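Undergrad: Have a look at this fold, sequence not included:
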């Protein structure tokens, strides 16, 4: 069984397991409330309107860079990764998410508005995450 991220809650939230399995297949989905139409990424099981009837929708994984920070002093669990970039990307539908940005080779690559793509990345121990890469 694939686990999502570094600390997973699949045992408590079935949607997390479904999301992880989707990532393994190279697909990324969001959720949309059937009552009010609000969309969420990462996907959620319940809407802010308290409706729990959510549908899975394909996510256009193209995004633009809207903000970023470079982590020089990371938590111990990420100490071997420093320095690394955490980016906020905005998708065409207006949703925003935060993820690790990999594949940047110079500060010139960190321009606001830069095209990026959200992609699954497999980690050790059958774990999977999503990360931004330059588009």
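TA: Yep, that arrived. Just so we're clear, the structure is a prediction, and the values are computed from it rather than from any experiment.

Undergrad: pLDDT value on residue 3, please?
TA: Per-residue pLDDT puts residue 3 at 66.

Undergrad: meant to ask about residue 13
TA: Model confidence at residue 13 (pLDDT) stands at 67.

Undergrad: repeat for residue 88
TA: At residue 88, the pLDDT recorded in the model is 98.

Undergrad: I'd like to know how many residues surround it.
TA: The burial count assigned to residue 88 is 17, neighbours taken as other Cβ atoms under 10 Å. Every C-beta, even on glycine, is put in place using the N, C-alpha and C of the backbone.

Undergrad: what do you get for residue 55?
TA: Residue 55, neighbours per other Cβ under 10 Å, totals 11.

Undergrad: Now do it against residue 93, distance only.
TA: Going from residue 55 to residue 93 by Cβ to Cβ, to the nearest Å gives 14 Å.

Undergrad: On the three-state scheme, residue 21 is what?
TA: Here residue 21 is recorded as helix under DSSP: H, G, I helix; E, B strand; the rest coil.

Undergrad: do you know how far it is from residue 61?
TA: Taking Cβ to Cβ, one finds residue 21 at 17 Å from residue 61.

Undergrad: Mind checking which of the two has more residues around it?
TA: residue 61 (20 against 15).

Undergrad: Enumerate every residue touching the spatially closest residue to residue 114 that is not a sequence neighbour.
TA: Ranked by Cβ to Cβ, 6 or more residues apart in numbering and with sequence neighbours excluded, the top spatial neighbour of residue 114 is residue 65, at 4.3 Å. Neighbouring residues of residue 65 by Cβ atoms under 8 Å, 6 or more residues apart in numbering: 87-89, 101, 110-116, 132.
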